[in-house]
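>>> Model the structure of this input:
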Amino acid sequence: MKKYIIIFVAGCLLLASACKKKNTTENTTQTPATGSPSSVETLPPNSNFKPAFEGQTRVAAVKTTTAFRATVLTSSLTAPWGLAALPDGRFLVTEKAGTMRLVTNTGQVGSPLANVPAVNAAGQGGLLGLCVDPAFSTNRMVYWSFSERGLNGNVLAVAKGRLATAETGLENVTVIYRATPAYTGTNQYGSRVIFDRTGNLFVSSGDRSDPGIRVQAQDANSAIGKIIRITTDGQPASGNPFIGQANTRPEVYSLGHRNEHGLVIHPITGDLWEGELGPRGGDEINIIKPGANYGWPVITYGIDYSGQPIGNAIQQQTGMEQPVYYWDPVISPSGMTFYKGSRIPEWENNLFVCALSGMHIDRLVIANNKVTGEERLLVSEAQRFRDITQGTDNALYAVTDQGKLYRIDRE
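This next block holds a predicted model:
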């Protein structure tokens, strides 16, 4: 009898061992060897491209330990695109179709402001990114980007205006810059507008999507697929890297970009951080250096929507910058901000990135300009998060394509 018991127990142990090996295999097939087995991403990549360095993609997952709450302040916005905090705690919001509104931090939505220039909202166009002047309390100036219809096609334009004292509209509205050449397509304009620390504007200008024009992202004599740096009057800013060079545009700050929906200044280093959407795979986070080439469409960690390779299907080339971080498959990164408050200490100086197709807010932990941890927040909300900023109360505020404004803060 004892012999049969020993045989039975041995058989159970062998079966358990086999099951354990099977489960381990199933789990590891979800994350390739080039990423952390504890990554937040469990889907297979679109390609077998290898990262240039450890931690460039699929870093280890982290989890916020501080209790926090996400509250919907309003669901009455219509396809909001840009979100900017005002000194008094309210917000300015752009809506894709061409309206700009004031919204309180309790969710009261104002009427459309008058005198906003007409936009071409077809495709991915419309009223896009915006920012307020650092001296808004005294000058009430607002700056924004939009897609403008012209005789020769559509163009990304940047305008400025003063928010009237009565707050019913904008005054002295002027278009200060156009990212030429114009193009008949209606996709991938970018675009965010932010101030640098010297009082000039950074503007992200997309590659306009189609193969025939996206190659201009590599041409320093075109405003397509660039980061532009201009004065508040739309002139090339002093110190730009291509000033005085032949066959270049003096407003160009960096080149080789695709569809840049995220621009933010790091609160400690002052570096310019940028996020751009890839095709199938290859969403990027970059640290922007003056005069640098970020590779698109020569190098990329993505493939074309058709499944075919882009160009020579290479990911590295001398003279072209590597992204600090990339995603494959995509999350479609949009607006982003660094957390600068102390209400949730573990979030300090973390980068928060809105995800459109990913339908979450991505939290990236940064150390020495490298991503060391990643968390996906508000996944259960099933929203296409479009833009995010920090309010004067140090809470995070985010808008979604579905028309919601969220307040995210500790409980």
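>>> quick one: secondary structure of Val353?
Reduced to three states with DSSP: H, G, I helix; E, B strand; the rest coil, the structure at Val353 is strand.
>>> Check what pLDDT it gets.
On pLDDT, Val353 comes in at 99.
>>> give me the number of residues near it?
29 (other Cβ atoms under 10 Å). Backbone N, C-alpha and C define where each C-beta goes, glycine included.
>>> what's the answer for the one 10 residues further on, then?
Taking other Cβ under 10 Å as the criterion, the count of residues near Arg363 is 21.
>>> element containing it?
Assigning secondary structure by DSSP states H and E places Arg363 in strand 360-367.
>>> angle of that strand against strand 351-355?
Using axes from the mean of the first three to the mean of the last three Cα atoms, to 10 degrees, the interaxial angle of strand 360-367 with respect to strand 351-355 works out to 150 degrees.
>>> List the buried residues of strand 360-367.
Of the residues in strand 360-367, those buried under the neighbour-count criterion (16 or more other Cβ atoms under 10 Å) are 360-366.
>>> Of the residues you listed, which is the nearest to Gly199?
Ile366 (25.9 Å; Cβ to Cβ).
>>> who's that closest one bridged to?
Beta-bridge partners recorded for Ile366 (DSSP bridges): Val371.
>>> dump the residue contacts of it.
Taking Cβ atoms under 8 Å, 6 or more residues apart in numbering as the contact definition, Ile366 lies against 349-351, 372.
>>> Just the buried residues from those residues, in ChimeraX please.
Only the buried entries of the contacts of Ile366 go into this ChimeraX selection, using 16+ other Cβ under 10 Å:
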select :350,351
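>>> from the contacts of Ile366, which is closest to Glu41?
Thr372 (15.6 Å).
>>> Hmm, Gly55 and that closest one touching each other?
Yes. In this structure, Thr372 is within contact of Gly55 by Cβ atoms under 8 Å, at 6.8 Å.
>>> show me where the stretch 251-400 of the chain has strands.
Listed in chain order, the strands found in the stretch 251-400 of the chain under DSSP state E, counting those that start in this stretch are 252-255, 259-265, 272-277, 283-288, 325-327, 333-338, 351-355, 360-367, 370-377, 385-390, 396-400.
>>> now the ones you listed in TSV, with distance to Pro236?
Supplementary listing: the strands of the stretch 251-400 of the chain in TSV, determined by distance: least, Cβ to Cβ, whole Å:
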stretch	distance to Pro236
strand 252-255	8
strand 259-265	18
strand 272-277	17
strand 283-288	17
strand 325-327	30
strand 333-338	26
strand 351-355	29
strand 360-367	31
strand 370-377	32
strand 385-390	27
strand 396-400	32
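>>> how about those strands, which one is nearest Ile344?
Comparison of the strands of the stretch 251-400 of the chain against Ile344 by Cβ to Cβ identifies strand 396-400 as nearest, at 9.1 Å.
>>> Outside of that closest one itself, list whatever touches it.
Contact with strand 396-400 is made by 77, 80-81, 83, 85, 91, 93, 105, 335, 337, 339, 352, 354, 361, 381, 383-391, 405-409, as judged by Cβ under 8 Å, 6+ apart.
>>> What is the neighbour count of Thr168?
For Thr168, the neighbour count with other Cβ under 10 Å is 14.
>>> give the contact list for it.
111, 113-114.
>>> Run through this structure and note the low-pLDDT ranges.
Low-confidence segments of the chain (pLDDT under 70): 1-37.
>>> What ranges does it have for its helices?
In the chain, the helices defined using DSSP state H lie at 2-28, 136-139, 211-214.
>>> Against Ser147, how distant is the closest residue to Gly150 other than its chain neighbours?
Using Cβ to Cβ, 6 or more residues apart in numbering and skipping residues adjacent in sequence, the residue nearest Gly150 is Ala182, 5.2 Å away. For Ala182, the distance to Ser147 under the criterion Cβ to Cβ, to the nearest Å works out to 11 Å.
>>> shared neighbours of those two, anything?
154-155.
>>> Would you mind telling me which of the two has the busier surroundings?
Between Ala182 and Ser147, counting by other Cβ under 10 Å, Ser147 is the more crowded of the two (25 against 16).
>>> Just list the residues touching that one, thanks.
119-121, 125-126, 128, 154-157, 186, 189.
>>> so it bridges to which residues?
The residues that Ser147 bridges to, once DSSP bridges is applied, are Leu156.
>>> So which elements touch the top strand by length along the chain?
Looking only at the chain and at elements set by DSSP state E, the strand with the highest residue count is strand 170-183. Contact partners of strand 170-183 among helices and strands, from 3 or more Cβ pairs under 8 Å, 6 or more residues apart in numbering; DSSP states H and E: strand 141-150, strand 153-163, strand 201-205, strand 226-230.
>>> and the last one, C-alpha only, in PDB?
Going back to what we said before, that points to strand 226-230. In PDB, the C-alpha atoms belonging to strand 226-230 read as follows (Å, rounded to 0.1, in the frame of the first residue of the first chain):
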ATOM      1  CA  LYS A 226       9.500  70.100 -37.300                       C
ATOM      2  CA  ILE A 227       9.700  71.800 -33.900                       C
ATOM      3  CA  ILE A 228       9.500  75.500 -34.600                       C
ATOM      4  CA  ARG A 229      10.700  78.200 -32.200                       C
ATOM      5  CA  ILE A 230       9.400  81.700 -32.800                       C
END
